[in-house]
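K.L.:
Next one to model:
(chains A and B)
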Number of protein chains: 2
Amino acid sequence: MIVKKIHEVAKVYFDDNGIKGVSKQKLISSEDGAPNFTMRKFDVRPGGYTPYHTHDFEHEVFVLKGKGLVRGREDIEIHEGMVLLVEPGEEHQFVNTGDGTLEFLCIVPNYGEK
Amino acid sequence: MIVKKIHEVAKVYFDDNGIKGVSKQKLISSEDGAPNFTMRKFDVRPGGYTPYHTHDFEHEVFVLKGKGLVRGREDIEIHEGMVLLVEPGEEHQFVNTGDGTLEFLCIVPNYGEK
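P.N.:
The predicted structure is shown next:
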């Protein structure tokens, strides 16, 4: 059994063209022996956003804290206590529209975690 | 894109031999079109527990709230803000040892969600 405290997991920061004010933690991944899928946690600062993009694998998302917008074919408001399935091939971007940090889990097949 | 508020997702209650005071919600599953894995949320009442068992697939667990014990080869204390990988073939049981509800996400391959 692998057990971690999430505040001890390293954060990687992203801030460049197309992605702003985002940090990512790989909570459980193939590096821990996870056979199939990777659990990541993203923190997005107020005004920040993830890239607007698409890929051939799904996201399963659990919103832990904050509020925001998922931009895509239509814009969807999200907040704490919501879950989303972003299907393979769907364009999407997570934007923090609130005053606090937007925090969410995003689970992907291992091959989707570079 | 599939979007849900978790408080609107149906709860199934378990209370019999070997499992006590547990409710389960299928937040995202093959019924929503999830291609690979299923996100479930479990609530365990104070004094409650999930079955002591093992199976050939993994659990990826994110503890949302409360405190408890994972019983297995060794006992591990868990609380809010921890993640666990229960590997295929590992015996395990989640026990609520706190005064409030123990809430956690548990993600499994689709075939592990009966």
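K.L.:
near chain B, which residues of chain A show up?
P.N.:
Counting by Cβ under 8 Å from any Cβ of the partner chain, chain A comes close to chain B at A:1-7, A:27-28, A:32-37, A:39, A:58, A:60, A:62, A:64, A:70, A:72-73, A:76, A:78, A:81-88, A:90, A:92, A:105, A:107, A:109. To be clear about C-beta, it is placed using only N, CA and C from the backbone, and glycine gets the same treatment.
K.L.:
Try it again at 7 Å.
P.N.:
A:1-7, A:27-28, A:32-37, A:39, A:58, A:60, A:62, A:72, A:76, A:81-88, A:90, A:105, A:107, A:109 (Cβ under 7 Å from any Cβ of the partner chain).
K.L.:
Mind checking which of the residues you listed are buried?
P.N.:
A:1, A:4, A:6, A:27-28, A:32, A:34, A:36-37, A:39, A:58, A:60, A:62, A:82-87, A:105, A:107, A:109 (16 or more other Cβ atoms under 10 Å in any protein chain shown).
K.L.:
Quick one: the strands in chain A, in order.
P.N.:
A:2-5, A:12-16, A:19-28, A:37-49, A:59-65, A:67-71, A:76-79, A:82-86, A:93-96, A:102-109 (DSSP state E).
K.L.:
can those go into JSON lines with extra columns for mean pLDDT?
P.N.:
Listed next are these as JSON lines, based on pLDDT from 0 to 100:
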{"stretch": "strand A:2-5", "mean pLDDT": "98"}
{"stretch": "strand A:12-16", "mean pLDDT": "95"}
{"stretch": "strand A:19-28", "mean pLDDT": "98"}
{"stretch": "strand A:37-49", "mean pLDDT": "98"}
{"stretch": "strand A:59-65", "mean pLDDT": "98"}
{"stretch": "strand A:67-71", "mean pLDDT": "98"}
{"stretch": "strand A:76-79", "mean pLDDT": "98"}
{"stretch": "strand A:82-86", "mean pLDDT": "98"}
{"stretch": "strand A:93-96", "mean pLDDT": "98"}
{"stretch": "strand A:102-109", "mean pLDDT": "98"}
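K.L.:
Format those strands as CSV; extra columns: distance to residue B:21.
P.N.:
Shown next, in CSV, are the strands of chain A (distance: least, Cβ to Cβ, whole Å):
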stretch, distance to residue B:21
strand A:2-5, 23
strand A:12-16, 39
strand A:19-28, 26
strand A:37-49, 26
strand A:59-65, 23
strand A:67-71, 32
strand A:76-79, 29
strand A:82-86, 23
strand A:93-96, 35
strand A:102-109, 25
